[in-house]
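> how would this look folded up:
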Amino acid sequence: MNRIGAHGLAARIANAVVVALAIAWWVTPAAFAQVAAPATPAAAAPAAAQPTAPSTPLRGIWISPPSSTDVIPGVMRTIRGAGLDTVVLPVFYDGRVIYPSRVFPQHDAYSGSDPAALFIQETHRRAMRAFAAVDLLYWQSSDDPSPAVTGHPQWLERTPEGKIIGDVAGRRGAFVSPCEARVKSLLTELASELASRYDFDGLVLDYARWSRIDFLGYADADRKLYLSEQQTDPLDVDLLGYATPDNMISSLVSWQEKQIAAVVEATAQAFKRGEPRAVVIAVVEGNYYADRVASPVRQDWRSWLSRDWLQAAAPRQLAYADPAVVRSQLQAMAGISAPPVVALIRRSNALPVLPQMAVATQLGLRGFILWGRDSLEQRRAILRELGAY
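Numbering: from 1, shown residues only. The predicted model follows:
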């Protein structure tokens, strides 16, 4: 019984205008070398290969959850055949996990099986890295809510008007409150469970933020905690109006950033305690600092890096149109002159992956992760372009 219970991603050079995200590695080459990396697979080696420090740029793909455990060996074989060496697997999304857990309920599609264990076995067997991805604060992104959502409505974040919203306008969804002690402890337990039970080489924190479409932070737990610490109800602070003094606005924004930061810190540190050599990455809003007040995500990701909670950040807003432009954008985001980068590349019919990989190569990046999470068709299109089929 889980603790919530019943309630709860061949080089070919081409020129193109491309749109992508990027993972900004805030680590030295020596630190990056600690991450498990692929060795050349033996011709016939059924035993798991022990990865060694990377000597070539990372070549990865972020995949969608497998339809069943039966397809995992074939998927990993195809990915390796495409010349890739890292696979990112979503293990926690929609408030459920894909493996048998003591913390969160398991997705019904995987009941009685352990896709995470087989995933790691098959990636390491082919000398690839295995990364786990979790949707940190976004516990509902579909019309099939988890018991973690339906059984605990007090955990859900709300707008000033009391509405529960997701990350896409017009679509059902829900974020949870970082001020709820049980939310924080469950995520910490999840990270500890992943680190102690499995041999993941890295952890990717997605949705380590609030919604991009409206302000959140007005759940009862948030209001009560802010009132006790600041003697002000957040509802009395007009973030975009003229009636509230600037110091009250900045105080609320900073406080809300710290609540999300505390969950990031606790989750990352819990995972690193079990996997000290692993890399922790967070997908972030790269343009957040252009207007911290107007951006509702409350994601002070630079502070997470400066405190070494993360080894890398993944800024979402980057256009791979011109290497010089991309380089200047990265420098502005990072606040340093030459940030090491791994590009997270999206594919469309108008924007194939090979030209984007060429831009990443021109920039001298540490590599790339191809975004194939959205669907099986998306992943197959990427691998077909790379010559895997």
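
> quick check: pLDDT value at residue 321.
Note on residue 321: pLDDT of 60.

> hey, where'd the helices end up in the stretch 51-200 of the chain?
Ranges of helices in the stretch 51-200 of the chain, per DSSP state H, counting those that start in this stretch, are 72-81, 115-125, 147-150, 181-197.

> just want the angle from the last one to helix 115-125.
Direction vectors for helix 181-197 and helix 115-125, defined by axes from the mean of the first three to the mean of the last three Cα atoms, to 10 degrees, enclose an angle of 40 degrees.

> tell me the buried residues in helix 181-197?
Judged by neighbour count using 16 or more other Cβ atoms under 10 Å, the buried positions of helix 181-197 are 182-184, 186-195, 197. C-betas here are computed from N, CA, C, even on glycine.

> what's in contact with it?
3-4, 91-92, 97, 99, 101-104, 116, 132, 134, 136-137, 148, 152, 155, 176-178, 200, 203, 262-263, 266-268, 270-275, 278 (Cβ atoms under 8 Å, 6 or more residues apart in numbering).

> what about 6 Å?
103, 132, 155, 176, 263, 266-267, 270-271, 274-275 (Cβ atoms under 6 Å, 6 or more residues apart in numbering).

> between the buried residues of helix 181-197, which is nearest residue 228?
For these, the residue nearest residue 228 by Cβ to Cβ is residue 184; the value is 17.0 Å.

> please tell me how far that closest one sits from residue 330.
According to Cβ to Cβ, to the nearest Å, residue 184 stands 32 Å off from residue 330.

> for residue 172, give its distance to residue 292.
Distance check for residue 172 against residue 292: by Cβ to Cβ, it reads 28 Å.

> I misspoke; the intended subject was residue 143.
Distance from residue 143 to residue 292, counting by Cβ to Cβ: 33 Å.

> strands of the stretch 151-300 of the chain, residue ranges please.
174-175, 202-206, 279-284 (DSSP state E, counting those that start in this stretch).

> among these, which is nearest residue 305?
Nearest to residue 305 among these is strand 279-284 (8.8 Å), distances taken as Cβ to Cβ.

> ok, that closest one: who's next to it in the sheet?
With DSSP bridges as the test, strand 279-284 is paired with strand 202-206 (parallel), strand 312-315 (parallel).

> ranking these by mean pLDDT, which is last?
Looking at these, the weakest mean confidence is strand 312-315, a mean of 76.

> keeping just the C-alphas, turn that one into CSV.
Extracted C-alpha coordinates of strand 312-315, given in CSV (Å, rounded to 0.1, in the frame of the first residue of the first chain):
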residue,chain,number,x,y,z
ALA,A,312,22.5,21.9,-14.4
ALA,A,313,19.6,24.0,-15.5
ALA,A,314,17.5,23.6,-18.7
PRO,A,315,16.3,27.0,-19.9
